[in-house]
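Chemist: make a model of this:
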Amino acid sequence: MNHVAKFSALAALAVAGMAPLVARADDGLSFNAGAVSDYRYRGISQTHLKPALQAGADYTKGPFYVGTWASTIKWIKDAGGDANVELDVYGGYKGEIVKDLGYDVGVLTYVYPKNKLATSANTTEVYGAVSFGPATLKYSHSLTNLFGFVDSKNSGYLDLSASFEVGPVLVAPHLGYQKVAKNGDYSYTDYSLTVSKEVVKGLTLSGALVGADTKKIAGTPAYYYAPKDKDLGKAGLVVGAKYAF
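Modeler: Reported below is the predicted structural model:
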């Protein structure tokens, strides 16, 4: 069975391998580069539980931002396609409604060059988020089929995350739910708990416990399994290093 896998925990800091959906607060151009022991997205490993290299760039002007981000991946080849890289392009607008109550709206396209899957893995989502104090509630809605699932337009992902300073480190819990339209057996919940620290200016080290309630369907490994029945959503520790400049 096809084992398409494209989802994971959105921790507040991109330290478990998420694309940075929110640009820096300062106007201008910024860059980031890093590595993780496993690229997880909405709880699911994108790299067959193996390490990934990642990099991105952001440009902000007042409340507007645009950016791009890329990571090495393995799931497309596991699914019978032919792409080694994920490239994300996004843009949006963020601001404050009243003191401590913020919002963020935008659009994000995930591109898998020449992925050659029967249903293209390329996906576009619109998203909206509200934040109050340390907590953020966000909803993402697919305008296309979702990461290779047939007839899955209008899928949705809802996640709640937060970020707290605890002594010298930043702690970010997260809980999310991925609904796969017209493919309900593949909908699931994911979670993460990330701890990170900027050890020198620009360099952040992190560790995250990440997982998802992946399951077998009628006793058969479903989309979130790699060859040899490797569960891509099983709970695991992801460590990473990211440098922003």
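
Chemist: give me the helix or strand of the chain that scores worst on average pLDDT.
Modeler: strand 220-221 (a mean of 58; mean pLDDT, DSSP states H and E).

Chemist: tell me how many other residues crowd the nearest residue to residue 100 once chain neighbours are set aside.
Modeler: Spatially, and ignoring its direct neighbours in sequence, residue 100 is nearest to residue 133 (5.7 Å; CB to CB, 6 or more residues apart in numbering). The C-beta positions use only the backbone N, C-alpha and C, and glycine is treated the same way. By the criterion of other CB atoms under 10 Å, residue 133 has 11 neighbours.

Chemist: and residue 133, how far from residue 164?
Modeler: 10 Å (CB to CB, to the nearest Å).

Chemist: now residue 28
Modeler: Distance, residue 28 to residue 164, by CB to CB: 28 Å.

Chemist: higher neighbour count, these two?
Modeler: The neighbour comparison of residue 28 against residue 164 (other CB under 10 Å) goes to residue 164, with 13 against 10.

Chemist: residues touching the more buried one, list them.
Modeler: Each residue near residue 164 by CB atoms under 8 Å, 6 or more residues apart in numbering is listed here: 134, 170, 171, 172.

Chemist: and which of those residues is nearest to residue 148?
Modeler: Ranked by distance to residue 148 (CB to CB), these are led by residue 172 at 28.6 Å.

Chemist: average pLDDT for the one helix or strand that closest one maps to, rounded please.
Modeler: Assigned by DSSP states H and E, residue 172 belongs to strand 169-179. The average pLDDT within strand 169-179 is 97.

Chemist: list the buried residues in that strand.
Modeler: Neighbour counts using 16 or more other CB atoms under 10 Å place 169, 170, 171, 172, 173, 174, 175, 176, 178, 179 of strand 169-179 among the buried residues.

Chemist: list the strands paired with it, with their directions.
Modeler: Strand 169-179 has these partner strands in its sheet, going by DSSP bridges: strand 156-162 (antiparallel), strand 164-166 (antiparallel), strand 188-200 (antiparallel).
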